[in-house]
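Undergrad: Structure of the sequence below:
(2 chains)
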Amino acid sequence: MDKPEIKLIGEDGLRTDGRRLDELRPIKMEVGVLDKADGSAYIEHGKNRIIAAVYGPREAHPKHIALADRAVIKCRYHMAPFSVEERKSPAPSRRELELSKVIRESLETSVMSEVYPRTSIDIFIEILQSDGGSRCAGITAASLALADAGIPLKEIVAACAVCKIDGKIALDPSDIEDKQGDADLPIAYMSKAGLVTLLQMDGSLTEDEFNQALDIGIAACKKINELQIEALKQKYISVKEQAEERHESQGAAA
Amino acid sequence: MTVFTEKKQLVAPGEVLAEGSYFPGENTYREGNKLYASRIGLAELVANKLIVVPLKGCYIPRVDDFVIGRVVDIAMSGWNVDISSPYPALLPLSETPAARCMAVRKDLTRIFNVGDLVMAEVIAFDRTRDPLLTIRGRGLGKISSGRVVHISPAKIPRLIGRKGSMISLLKKATNCEIIVGQNGTVLVQGRQPKNEQTAAAAMYMIEREAHTRGLTDRVSEMMNRELR
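TA: Residues are numbered from 1 along each chain as shown, chains lettered A, B, ... in the order given. The predicted structure follows:
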């Protein structure tokens, strides 16, 4: 395969967006952004902008998909037509269908679905703006939305990709690194249990490169997991602070 | 044996609560020698048992629960009732006082029509069977007046308060009759719309701020301000 020669790592060892090889892009998360959903989360990971919504547990429709011993989990990963440079058809593509499936499987491990038999838990991941590693950011947001919905989870799943650019292993590829790089390795990880719940790879890596990539990917997932927990708690902490502050100011006035 | 959380500390799913031989209660699970939270909520240690009081979640019926629902469909010999739970409830004709009346059996809408609100009690529910309701009992049956407020079922214990302290405060301050369904649906009946509105506002406030300290004082302050 011939690729146009683009230098992804500069002379100074920094990447096209000025990051070091082991540096994450800036991440911002917010929980409870949608009123009508049972749980929701918004994430900005690099240039990715993603909303995840969770509905349920609710009655399974059509009824025959319900399972007698646990909840069914449905997942839809969808890219908005305006999320990429060239308009994307809003109809689900083959890629989106596949991503929906792997995302669902990576989250299923963490959900204690046996608590709600015969119901369905529906996850919607909407990519508003896409960058490299949108499936990982989607998993990160969706798991946060599940936690926000009050669905019992073993823990919150975090995800991050690792890539190989200019022959070197680099963390968290941006769009151009994803497309021009030699390999891409998305990882979803449960930090407490130490379980990898998603591992895909395109391109090629040697065994040593793979091990190195997995190690830095897992370390990044642990970092992201801490951010997730903080974002989830922040929703309640800010209500608490506002309420108690209001109370104090009123108390002072009286 | 160590507990890592303080009383009423906010915990997220996957956070370690304790190590050692504590008993895993509601919304917690054990993995090896450690206890973890499985839901967002407030951790508490009761005797030797760790529990997480959830801050969010759906209503799971329990036998003997008092609920308020809406009739959504008329079945062969009963009504399907939406009790805002993942499980649809059935109120069989045999659980109504008029079960033997021939005219009623021919036309179930004589008792409840689609859209009617009903106060009922859960008489049966388990993992394999949808909840069954009854309206045999004091104070159960159709709702004909008042205002219905929906709040998260997870916040119902807070709305009631310790030994009913919060709910009696609301009743007293707003001078309304307040009937709390365990499924998060609350019926408010007052003399004036203003009072009902204040009671509803207080409930929304409790729902939003259930995990804060000094809530009772703030709610009572707010109601006094509104009703002055």
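Undergrad: From the centroid of chain B, which residue is nearest?
TA: Most central in chain B under Cα atoms, centre = their mean is B:Gln182, positioned 2.5 Å from the mean C-alpha point.
Undergrad: which residues sit in contact with it?
TA: B:Gln182 is in contact with B:59, B:62, B:65-67, B:153, B:156, counting by Cβ atoms under 8 Å, 6 or more residues apart in numbering or on different chains. Using the backbone N, CA and C atoms, a C-beta is placed for each residue, glycine as well.
Undergrad: What pLDDT does the model give it?
TA: We have a pLDDT of 97 for B:Gln182.
Undergrad: Kindly report the same for B:Asn48.
TA: For B:Asn48, pLDDT reads 89.
Undergrad: Wait, it touches B:Phe23, no?
TA: Yes: if you go by Cβ atoms under 8 Å, B:Asn48 and B:Phe23 touch, sitting 5.5 Å apart.
Undergrad: quick one on the thing from earlier: among the contacts of B:Gln182, name the buried ones.
TA: Burial by neighbour count, 16 or more other Cβ atoms under 10 Å in any protein chain shown: within these this picks out B:59, B:65-67, B:153, B:156.
Undergrad: nearest to A:Met29, of these?
TA: Relative to A:Met29, the closest of the buried ones among the contacts of B:Gln182 is B:Pro153; by Cβ to Cβ it sits at 26.5 Å.
Undergrad: ok, now how distant is the closest one from chain A?
TA: Look at B:Pro153 and chain A: by Cβ to the nearest Cβ, to the nearest Å, they are 10 Å apart.
Undergrad: Hmm, that residue is touching B:Pro86, no?
TA: No: here B:Pro153 does not reach B:Pro86: they are 11.3 Å apart, not a contact under Cβ under 8 Å.
Undergrad: Now do the shared contacts for these two.
TA: B:Cys58.
Undergrad: For chain B, what is the nearest residue in chain A?
TA: Proximity to chain B, evaluated over chain A using Cβ to the nearest Cβ, is greatest for A:Glu155 at 2.5 Å.
Undergrad: Find the nearest non-adjacent residue to that residue, please.
TA: B:Gly14 (2.5 Å; Cβ to Cβ, 6 or more residues apart in numbering or on different chains).
Undergrad: likewise A:Leu214?
TA: Among residues not flanking A:Leu214 along the chain, A:Ile187 sits closest, at 6.8 Å (Cβ to Cβ, 6+ apart).
Undergrad: isn't there a strand covering that neighbour?
TA: Yes: under DSSP: H, G, I helix; E, B strand; the rest coil, A:Ile187 falls within a strand.
Undergrad: Isn't it up against A:Leu199?
TA: Yes: using Cβ under 8 Å, A:Ile187 is in contact with A:Leu199, at 5.8 Å.
Undergrad: so what sits against both of those two?
TA: Shared contacts of A:Ile187 and A:Leu199, counting by Cβ under 8 Å, 6+ apart, come down to A:Leu214.
Undergrad: Which one of the two is surrounded by more residues?
TA: A:Ile187 (25 against 14; other Cβ atoms under 10 Å in any protein chain shown).
Undergrad: I'd like the distance between the nearest residue to A:Asp148 once chain neighbours are set aside and A:Gly150.
TA: Counting by Cβ to Cβ, 6+ apart, A:Asp148 lies nearest to A:Gly39, which is 3.6 Å off, once chain neighbours are set aside. From A:Gly39 across to A:Gly150, the span is 7 Å (Cβ to Cβ, to the nearest Å).
Undergrad: again with A:Glu85
TA: Taking Cβ to Cβ, one finds A:Glu85 at 38 Å from A:Gly150.
Undergrad: now A:Glu23
TA: 34 Å.
Undergrad: These two: which is more packed in?
TA: Neighbours were counted for A:Glu23 and for A:Gly150 using other Cβ under 10 Å; A:Gly150 has more, 24 against 15.
Undergrad: Is the more buried one inside a helix or a strand, and which specific one?
TA: For A:Gly150, there is no enclosing helix or strand under DSSP states H and E.
Undergrad: Which residue, other than its chain neighbours, is closest to it?
TA: In space, A:Gly150 is closest to B:Lys56, 3.2 Å off (Cβ to Cβ, 6+ apart).
Undergrad: could you list every residue that touches the one you found?
TA: Counted by Cβ under 8 Å, 6+ apart, B:Lys56 has contacts A:38-39, A:148-150, B:39-40, B:152, B:154.
Undergrad: same thing but 7 Å
TA: A:149-150, B:40, B:152, B:154 (Cβ atoms under 7 Å, 6 or more residues apart in numbering or on different chains).
Undergrad: B:Gly146 too?
TA: B:187-189.
Undergrad: Return the residues of chain A in contact with chain B.
TA: For chain A, the contact set with chain B under Cβ under 7 Å from any Cβ of the partner chain comprises A:56-59, A:112, A:116-117, A:119, A:147, A:149-150, A:152-156, A:192, A:229, A:232-233, A:236, A:239-240, A:243-244, A:247, A:250.
Undergrad: Now do the helices in chain B.
TA: B:102-106, B:156-160, B:165-174, B:193-208, B:215-227 (DSSP state H).
Undergrad: so which of those helices gets nearest B:Phe4?
TA: That would be helix B:156-160 among the helices of chain B, by Cβ to Cβ, at 24.4 Å.
Undergrad: follow-up on the earlier one: secondary structure of the residue of chain A closest to chain B: a helix, I assume?
TA: No: in this structure, A:Glu155 is coil, not part of a helix, as judged by three-state DSSP.
Undergrad: Which pLDDT does the model give residue 1?
TA: Using chain A. 51.
Undergrad: wait, I meant chain B there
TA: 71.
Undergrad: State the number of residues packed around it.
TA: 9.
Undergrad: list the contacts for it?
TA: B:20-21.
Undergrad: From chain A, how far out is it?
TA: From B:Met1 to chain A the distance is 20 Å (Cβ to the nearest Cβ).
Undergrad: Low-confidence stretches in the stretch 1-150 of chain A?
TA: Within the stretch 1-150 of chain A, the stretches with pLDDT under 70 are A:1-5.
Undergrad: Quick one: the strands in it, in order.
TA: A:27-31, A:39-45, A:48-59, A:72-79, A:119-129 (DSSP state E, counting those that start in this stretch).
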